[in-house]
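Chemist: generate coordinates for the sequence data below:
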Amino acid sequence: QVEKNGVELHSVKILRHGKLVMTANYSPFDDRTPHLLFSLSKSFCSAAAGFCVQEGLLKWDTKVMDILPEEMPENPSEWLQSVTLHHLLCMGSGMKPESDEGRAETGWAKETLRYDCDYAPGTHFHYNSHGTYLVSCMVQKVTGQTVRDYLIPRLFLPLGIPVPFWQFSPEKVNVGGWGLYLSSDSIARFGQCLLQKGVWEGKQVLPLEWLERATVAQIDNSNGEKDPENEWHQGYGYQFWRTRGNRFRGDGAFGQLCMVSPDLDMVAAVTAGVQDMGLEMRLMHEYLFPAAEMAPGTEEEQKALQEKLASLSVNWPKDDGTKADVDGVYTCDQFTLYLKEGEDVLSIRLKNHEFEQEILAGKNKLLTFALPQMNPGDIAVVCQAKYGWEEGKLHLMARSINGPMRLDAVASFRDGKMEIDANQSLAFL
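Modeler: Just a heads-up that it's a prediction; the model follows:
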């Protein structure tokens, strides 16, 4: 079903009854390379807030203005003054949508808080990633450490998770609501610890009070229009979504998932580059979780499964030998493209008034190149690319191995001109 529906998974780990059931890695991706999590990062920022409450540094009803008074606007409204840690964690701050739009060159917290509330805090759900950034600011203010550094001895090291990279703001505050890089193996460890009520190897690692608050519905996220089949209408906790089948999840754009099923004693950890997360989760509910209660397969079926898992790969372009002469300079949207095909190597140089990037793709093998950093101080975006000729058309495909950045392009050439159909994510070019 995954292949049939064009769902691009990168790495999947399934645990049941505390044991690893399956690892599915789609080459060139694996379960050990840290992958950009997008909003799945929020669940980890929430855990940091939980530790702060456990250690008496914050309370659920601690007001933002009491921790970050210097970031508040002059004469804040009563509603803005009453926004608490609880409200930020459950996406119930009531702050205007504009508070989550754009990122100032400096002063992110001040920029977020300069917008008033449209609703009384606690009465209306509105997804707000910059609200999670404010949680990160609060944690850093009371601990003197970034969220990442604060979590290293409390969560990452106890669970055997390598110290990760987490993007930060100009003020050197981890962005909180996005920007964390973890592998599917690390996501699975976090999910298993959640499933075990915060216990890991016999020790209480995650705060139990936080976990019990975080993974149950704290607010109605349908805002009165609940659809029982809608994955985003099942209730929202503290940076976790309730989901169908009495499950809960942390999730991030393009299919990053940590889904926990207490009823089945099961965890699914996924990194991906999907375009339709609703479809991805529907397939999990319809096929993956029901399979947990199936009878074990025969020895022959188990062997076939292992062979299938060993052969998984992204669907790279094929080559039928019908090449055309592509060497030349072409104009495409705002870019000038310089194409040159050598011996089984395609070089593409893109250039405009503020940007230049070279992509190298191999015909019979993957070639590696790097994209510019998405943000100052960020880690390198490492990519691999391959191309092939099919029926006289050039098929190019590139993937970042530490995130869901993708490029799929089909180009045809005639009379010195190029026509191209491209699909990309996250401004790959």
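Chemist: over to residue 133: give its phi and psi.
Modeler: Reported as degrees, to the nearest 10, the phi and psi values for residue 133 are phi -60, psi -40.
Chemist: what's the local residue count around the residue nearest to it when sequence neighbours are not counted?
Modeler: Nearest-residue entry for residue 133: residue 176, 4.8 Å, with adjacent residues in sequence omitted and distances by CB to CB, 6 or more residues apart in numbering. Placement of C-beta: from N, CA and C, glycine included. When neighbours are defined as other CB atoms under 10 Å, residue 176 has 35 of them.
Chemist: got it, and residue 358?
Modeler: Neighbour count for residue 358, taken as other CB under 10 Å: 12.
Chemist: which parts of the host helix or strand of it are buried?
Modeler: According to DSSP states H and E, residue 358 maps onto strand 356-362. When neighbours are counted by 16 or more other CB atoms under 10 Å, the buried residues of strand 356-362 are found to be 357, 359, 360, 361, 362.
Chemist: mind listing what the third one touches?
Modeler: Translated: residue 360. Applying CB atoms under 8 Å, 6 or more residues apart in numbering, we find residue 360 in contact with 345, 346, 347, 348, 367, 368, 369, 385.
Chemist: check residue 59 too.
Modeler: Residues 53, 85 are the ones in contact with residue 59 under the rule CB under 8 Å, 6+ apart.
Chemist: measure it to residue 6 for me?
Modeler: Here the criterion is CB to CB, to the nearest Å. By it, residue 59 lies 47 Å from residue 6.
Chemist: ditto for residue 424
Modeler: Noted for residue 424: a distance of 16 Å to residue 6, by CB to CB.
Chemist: swap in residue 178?
Modeler: From residue 178 over to residue 6 the distance is 25 Å, taken as CB to CB.
Chemist: now residue 260
Modeler: Using CB to CB, one obtains 26 Å as the distance from residue 260 to residue 6.
Chemist: the two: which has the busier surroundings?
Modeler: More crowded of residue 260 and residue 6, by other CB under 10 Å: residue 260, with 24 against 11.
Chemist: and that one, that's in a strand?
Modeler: Yes - secondary structure assignment places residue 260 in a strand (DSSP: H, G, I helix; E, B strand; the rest coil).
Chemist: list the contacts for it?
Modeler: Contacts for residue 260 were tallied using CB under 8 Å, 6+ apart; they are 191, 194, 195, 215, 247, 248, 249, 266, 267.
Chemist: quick one: neighbours of the fourth one, just the number.
Modeler: Applying other CB under 10 Å, we find 25 residues neighbouring residue 215.
Chemist: that one touches residue 248, doesn't it?
Modeler: Yes - with contacts counted by CB atoms under 8 Å, residue 215 reaches residue 248, the gap being 4.6 Å.
Chemist: joint contacts of these two?
Modeler: Shared contacts of residue 215 and residue 248, counting by CB under 8 Å, 6+ apart, come down to 237, 240, 260.
Chemist: can I get those in JSON lines with pLDDT and distance to residue 45?
Modeler: Formatted as JSON lines, the entries for the shared contacts of residue 215 and residue 248 read as follows, by pLDDT from 0 to 100; distance: CB to CB, whole Å:
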{"residue": "237", "pLDDT": "98", "distance to residue 45": "13"}
{"residue": "240", "pLDDT": "98", "distance to residue 45": "11"}
{"residue": "260", "pLDDT": "98", "distance to residue 45": "18"}
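Chemist: how close does residue 352 get to residue 406?
Modeler: When distance is defined by CB to CB, residue 352 is 21 Å away from residue 406.
Chemist: so between the two, which is more surrounded?
Modeler: Set side by side, residue 352 and residue 406 give different neighbour counts by other CB under 10 Å, the larger being at residue 406 (20 against 12).
Chemist: my read: residue 186 touches residue 164, true?
Modeler: Yes - the pair residue 186 and residue 164 passes the contact test of CB under 8 Å, sitting 7.4 Å apart.
Chemist: now do the shared contacts for the two.
Modeler: residue 34.
Chemist: between these two, which has more neighbouring residues?
Modeler: Here residue 186 and residue 164 are set side by side on neighbour count (other CB under 10 Å), and the busier one is residue 186, at 26 against 18.
Chemist: next, the more buried one: secondary structure please.
Modeler: Local secondary structure at residue 186 is given as helix here, using three-state DSSP.
Chemist: buried stuff in stretch 49-65?
Modeler: Of the residues in stretch 49-65, 49-54, 57-58, 60, 62-65 count as buried by neighbour count, 16+ other CB under 10 Å.
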